[in-house]
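Chemist: Give me a 3D structure for the following:
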Amino acid sequence: MKAIFTILLGLSFTIGSAQLITFVRSYGGTGFDYGRDVIQDLDTGYICTGSSTSFLPDNGEAFLMKTDSLGQFQWSFNYGAEGSEWGEGVILTLDSMYALGGYSNSSWGAGGFDFFLVKAGQNGAPIFQKTYGGPDWDRAFDIGQLPDSGFVLVGETYSYGAGQRDCYIVRTDKNGDTIWTKTWGGSDDDYLKAVWIDGDSIVAVGGTQSFGAGMDDGLILKMGSDGNIGWTHITGDTLVDYFNCIEGYGSYYVIGGQTEKDYALTLQDPWYFKIENDGSIVHNNFNPTNATAGDEECMAITVRQLNGDIVTANLNNSFGIGNGNGDLLLGKWTSNFGYVTGSWYGHEGTDIPYGVDDTYDGGIIVIADYSEYGTGGHSFMLLKKNITWNNLQISINVVNDSITTSIPMNSKSAFDAYPTIVEEFINITGIELIESINIFNINGQLVYSDNVKSEVFGNYIFDAQQLESGLYILQVISEGQSHTKKFVKQ
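Modeler: Okay, the predicted model is just below:
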């Protein structure tokens, strides 16, 4: 058990009910362990990426870590060579696998740091590991996947371009082979922090010193899958302003970052931006939230698919229990950035959020640095929260899991259902006897149920043509056990 942390008390989750899972767990081994991104998996568990020296004590390794829906550690897999590797972004691929993007300075690259791409199977075993870049430093900070199954990595390059540091975009095919690379920038520093895939379009955000009104200005690039830029938006004031994160919903994108518009106090404040997919600005909030306190920054952002509500995860130095060292501040907003409520979490040290994702039960999952270190020099945490929070804080003990100790998987974990994006049929494998099949919509409502009572010899085919287009959860009951997987019906 670890030290006292602040979080609402947990409840259990049952599909179709109003109960929700809430938990906080930290993860670390004997070394330094950092978490950088988290997404919910198709089985309602979670997949994380970051960097860790717990696998190999002499250098950091990029990793994937899998937990169940309660945050309990299931497995981890490390990637890299003799140098240092970081996983910065993780996605579920269209073929129900995993991919991480980050950077590596091992000898398999071209020099300095290089963009690093790993595609892994459902048990974490690598399918391929590839690097991209030149002789200097090139670092990727996010990853996306296009409808043709190719990957997009965005970040910064010192090897190419017009200035000291330029925006760098690498486009690959589904096997990780380069289709094109692109730089954007001028004579000064320009960089990208995050990417969102909108159909065949690539939307990336970051900052620019080469253009705009100030030291840094917020940058939004929208381009086609061929690399041609559709539009560019640069916004900011005379001091430092930049974007960290982006997510799309419907016809618009929500973006978060930091601004120094408060000239008198020269404090950094969270920056919330909303823009239509044609480049028209909808919302631009420069207003400082705590002008007499400390710096704040929006580190991650997500949109609830149920109703379009926005959730922001900020680094907060203005108030909380970190004594100015920084706490995780969660904010809930309407789709038009109307403030609803917020709450903060942390300890006496620094607790910095890096990723947030909305979950199938209407809640959110956050990955963050955790200041109460475990057995090694640094740990990270997952915080799962019911979206209906208030400002009350309740202290519980945080459980720490080792990042490098695997828990034996259940013998029935061979269950699989594919494809993830369904036009007609779903293939169900890895189960000897199916007792029943249930389909739930994203609101947890049962929309289909059938007592199949069928032995499966290799593969069972479910006809999904009767379902309307949308997001669903497939539940298969076998020998009293429930197996779930999310899919999209086109």
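
Chemist: residues in contact with M215?
Modeler: Residues near M215 by C-beta atoms under 8 Å, 6 or more residues apart in numbering: 209, 238-240. C-beta here means a position set from N, CA and C on the backbone, and glycine is covered the same way.

Chemist: For those, pick the one with the most neighbours.
Modeler: Q209 (22 neighbours; other C-beta atoms under 10 Å).

Chemist: thinking again about what came up before, the contacts of M215 into TSV, with extra columns for distance to G256, secondary structure and pLDDT?
Modeler: As requested, those are exported to TSV (distance: C-beta to C-beta, whole Å; DSSP: H, G, I helix; E, B strand; the rest coil; pLDDT from 0 to 100):
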residue	distance to G256	secondary structure	pLDDT
Q209	20	coil	96
T238	21	coil	85
L239	18	coil	88
V240	15	strand	91
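
Chemist: Let's have the residues you listed in CSV, adding distance to R25.
Modeler: Formatted as CSV, the contacts of M215 follow (distance: C-beta to C-beta, whole Å):
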residue, distance to R25
Q209, 39
T238, 43
L239, 38
V240, 35
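
Chemist: what's the closest of those to S280?
Modeler: Nearest to S280 out of the contacts of M215 is T238 (C-beta to C-beta; 24.5 Å).

Chemist: Just the buried residues of stretch 128-135, please?
Modeler: 129-134 (16 or more other C-beta atoms under 10 Å).

Chemist: Pull the CA coordinates from it and hand them back as PDB.
Modeler: Listed in PDB are the C-alpha atoms of stretch 128-135, where the atom choice follows Å, rounded to 0.1, in the frame of the first residue of the first chain:
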ATOM      1  CA  PHE A 128       7.600  -4.500 -35.700                       C
ATOM      2  CA  GLN A 129       9.800  -1.700 -34.200                       C
ATOM      3  CA  LYS A 130      11.000   1.100 -36.500                       C
ATOM      4  CA  THR A 131      12.800   4.500 -36.300                       C
ATOM      5  CA  TYR A 132      12.600   7.600 -38.500                       C
ATOM      6  CA  GLY A 133      14.800  10.700 -38.600                       C
ATOM      7  CA  GLY A 134      18.200  12.200 -39.300                       C
ATOM      8  CA  PRO A 135      21.600  12.700 -37.600                       C
END
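
Chemist: Who are the contact partners of the residue nearest to Y249 when sequence neighbours are not counted?
Modeler: Distance criterion C-beta to C-beta, 6 or more residues apart in numbering; nearest residue to Y249, sequence neighbours excluded, is V303 at 4.1 Å. V303 sits next to 247-249, 254, 309-311, 335, 358 when contact means C-beta under 8 Å, 6+ apart.

Chemist: Look up how far L94 lies from V303.
Modeler: 21 Å (C-beta to C-beta, to the nearest Å).

Chemist: next one: S371
Modeler: From S371 across to L94, the span is 37 Å (C-beta to C-beta).

Chemist: do G71 as well
Modeler: Look at G71 and L94: by C-beta to C-beta, they are 26 Å apart.

Chemist: Of the two, give the one with the bigger neighbour count.
Modeler: For G71 and L94, the more surrounded residue by other C-beta under 10 Å is G71, and the numbers stand at 23 against 16.

Chemist: May I have the secondary structure class of the more buried one?
Modeler: Judged by DSSP: H, G, I helix; E, B strand; the rest coil, the three-state class of G71 is coil.

Chemist: Grab the nearest non-local neighbour of L221.
Modeler: Spatially, and ignoring its direct neighbours in sequence, L221 is nearest to A204 (4.9 Å; C-beta to C-beta, 6+ apart).

Chemist: Secondary structure element holding that neighbour?
Modeler: strand 201-208 (DSSP states H and E).

Chemist: Now that strand: buried residues?
Modeler: For strand 201-208, a neighbour-count test (16+ other C-beta under 10 Å) marks 202-208 as buried.

Chemist: Given it, what are its sheet partners and their directions?
Modeler: If you go by DSSP bridges, strand 201-208 pairs up with strand 190-198 (antiparallel), strand 217-224 (antiparallel).

Chemist: could I get those as TSV with distance to V422?
Modeler: Formatted as TSV, the strands paired with strand 201-208 follow (distance: least, C-beta to C-beta, whole Å):
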stretch	distance to V422
strand 190-198	19
strand 217-224	27
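
Chemist: Next, format the ones you listed as a markdown table and append mean neighbour count and distance to G346.
Modeler: Below are those laid out as a markdown table (neighbours: other C-beta atoms under 10 Å; distance: least, C-beta to C-beta, whole Å):
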| stretch | mean neighbour count | distance to G346 |
| --- | --- | --- |
| strand 190-198 | 23 | 23 |
| strand 217-224 | 22 | 27 |
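
Chemist: Nearest to D142, out of those strands?
Modeler: Smallest distance to D142 across these (C-beta to C-beta): 4.6 Å, for strand 190-198.

Chemist: residues contacting the closest residue to S225 other than its chain neighbours?
Modeler: Spatially, and ignoring its direct neighbours in sequence, S225 is nearest to D200 (4.7 Å; C-beta to C-beta, 6+ apart). Contacts were defined as C-beta under 8 Å, 6+ apart; by that measure D200 touches 146-147, 224-225.

Chemist: Do me a favour and get the backbone dihedrals for D200.
Modeler: The phi/psi pair for D200 (degrees, to the nearest 10) reads phi -90, psi 10.

Chemist: In the sheet, which strands lie alongside the helix or strand where D166 lies, parallel or antiparallel?
Modeler: Assigned by DSSP H and E, D166 falls within strand 166-172. Take DSSP bridges as the rule and strand 166-172 pairs in its sheet with strand 151-157 (antiparallel), strand 178-184 (antiparallel).

Chemist: Looking at the ones you listed, which is nearest to G45?
Modeler: Each of those has some distance to G45 by C-beta to C-beta; the shortest is strand 151-157, at 22.8 Å.

Chemist: Quick one: the buried residues of strand 201-208 as TSV, columns for pLDDT and distance to Q268 too.
Modeler: Shown next, in TSV, are the buried residues of strand 201-208 (pLDDT from 0 to 100; distance: C-beta to C-beta, whole Å):
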residue	pLDDT	distance to Q268
I202	98	28
V203	98	24
A204	98	22
V205	98	17
G206	98	16
G207	98	13
T208	97	17
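
Chemist: any idea how far P126 is from the residue nearest to I426 when sequence neighbours are not counted?
Modeler: Of all residues not flanking I426 in the chain, F462 sits nearest, at 4.5 Å (C-beta to C-beta, 6+ apart). Using C-beta to C-beta, F462 is found at 31 Å from P126.

Chemist: of the two, who's got more company?
Modeler: F462 (20 against 15).

Chemist: Surely the more buried one and I437 touch.
Modeler: Yes: assessed by C-beta atoms under 8 Å, F462 is found in contact with I437 at 6.3 Å.

Chemist: Can you pull the residues that touch both of those two?
Modeler: Jointly contacting F462 and I437 under the rule C-beta under 8 Å, 6+ apart are 428, 474.

Chemist: which is the next helix or strand following the lowest-mean-pLDDT helix or strand in the chain?
Modeler: Ranked by mean pLDDT, DSSP states H and E, the weakest helix or strand in the chain is strand 4-6, scoring a mean of 32. Next helix or strand after strand 4-6 toward the C-terminus (DSSP H and E): strand 23-27.

Chemist: Only the C-alpha atoms, please, for that next one, written as CSV.
Modeler: What follows is strand 23-27, C-alpha atoms only, in CSV (Å, rounded to 0.1, in the frame of the first residue of the first chain):
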residue,chain,number,x,y,z
PHE,A,23,-10.1,3.7,-8.4
VAL,A,24,-6.6,5.1,-8.1
ARG,A,25,-3.5,2.9,-8.4
SER,A,26,0.2,3.6,-8.8
TYR,A,27,2.7,1.6,-10.8
